[in-house]
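Undergrad: just a sequence and a predicted model for now, questions to come.
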Amino acid sequence: YGTFIPALYALIASQFMAERGVTKADLARVAVAQRKWAVRNPNARMARAGQITVEEVLASRKIATPFNLLDCSVPCDGGGAVIVARGDLARKWTRQPAWVLGYGEHHARGALSDRGNLLDTGAAQAGARALRRAGMTAADIQVAQLYDAFSSSPLILLEELGFCAPGEAAAFVNSGAIDPGGTLPVNTYGGLLSFGHTGDSSGMSMLTAGAQQVMGTAGPTQVGKAERVLVHTYGGIMFDHATLVLGREP
């Protein structure tokens, strides 16, 4: 009776894989990394399910090529909240506020069927604006929370946001860079793939996770003294993008 969301994302993922030399095993490695974070987070939906391997991801049932079940986020209920306040109030209410240093957004198209390159999602434009307003580059970011509705999304976003050059994201992920202890921890709360995809509040789960990293209140998933955190989320079929840079100092 018509297409469905995994199939639409699969079109974007297929083009990305063809142009950048990415394999299904590379996608699976993203899911493995997110589960490594989730088992540290008692609030993650998949925390008790334990870690997974690339082989287990590849062996899970097929959903829409190139996605298998474990390449897809876990739908669940959920919610979150943040308090946005003036600096003097923030200092009064908490020992370490999360300061908003930069923000950017971009809306590339209204539907996947609109004209244009599927890989020109708008993430690059949103990220560039946020980093420019923060006076930073991607190299200054210590932790990234990247919307991962499917395992292909972090790979695409790592390149679009400037953390990796085109064609280098797969090697970056396979090196363990986004894992616990890696050079750029990604989705430290477990991501939508393993924390859970909480519907319209999914972006909020990423925002609260990023703020907690900066505030030093992330508990067992805390990454040292995370001074600069980037949060990137999107809507639609990966064509409405927003980037936020948070820091420990204003």
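TA: That came in fine, so what should we check first? Numbers count the residues shown, from 1 in each chain.

Undergrad: contacts and neighbour counts: CA atoms only from here.
TA: Fine.

Undergrad: please tell me how far the residue nearest the centre of the chain sits from Leu246.
TA: The residue lying closest to the centre of the chain (C-alpha atoms, centre = their mean) is Leu146, at 1.4 Å. Remark: distance between Leu146 and Leu246 (C-alpha to C-alpha, to the nearest Å) = 14 Å.

Undergrad: find the residues that touch each one of those two.
TA: Val231 (C-alpha atoms under 8 Å, 6 or more residues apart in numbering).

Undergrad: quickly list what the residue nearest to the centre of the chain is bridged to.
TA: His232 (DSSP bridges).

Undergrad: show me what contacts it?
TA: Counted by C-alpha under 8 Å, 6+ apart, Leu146 has contacts Ser153, Pro154, Leu157, Val186, Asn187, Gly191, Met206, Val231, His232, Thr233.

Undergrad: tally of neighbours for the closest residue to the fifth one other than its chain neighbours?
TA: Of all residues not flanking Asn187 in the chain, Gln145 sits nearest, at 4.5 Å (C-alpha to C-alpha, 6 or more residues apart in numbering). Here the count is done by other C-alpha atoms under 10 Å, and Gln145 has 27 residues near it.

Undergrad: from Leu230, how far out is Gln145?
TA: Taking C-alpha to C-alpha as the measure, Gln145 and Leu230 are separated by 6 Å.

Undergrad: between the two, which contacts overlap?
TA: Shared contacts of Gln145 and Leu230, defined by C-alpha under 8 Å, 6+ apart, are found at Gly210.

Undergrad: looking at it, Arg129 is touching Leu101, isn't it?
TA: No: using C-alpha atoms under 8 Å, Arg129 is not in contact with Leu101, being 11.3 Å away.

Undergrad: perfect, that will be all.
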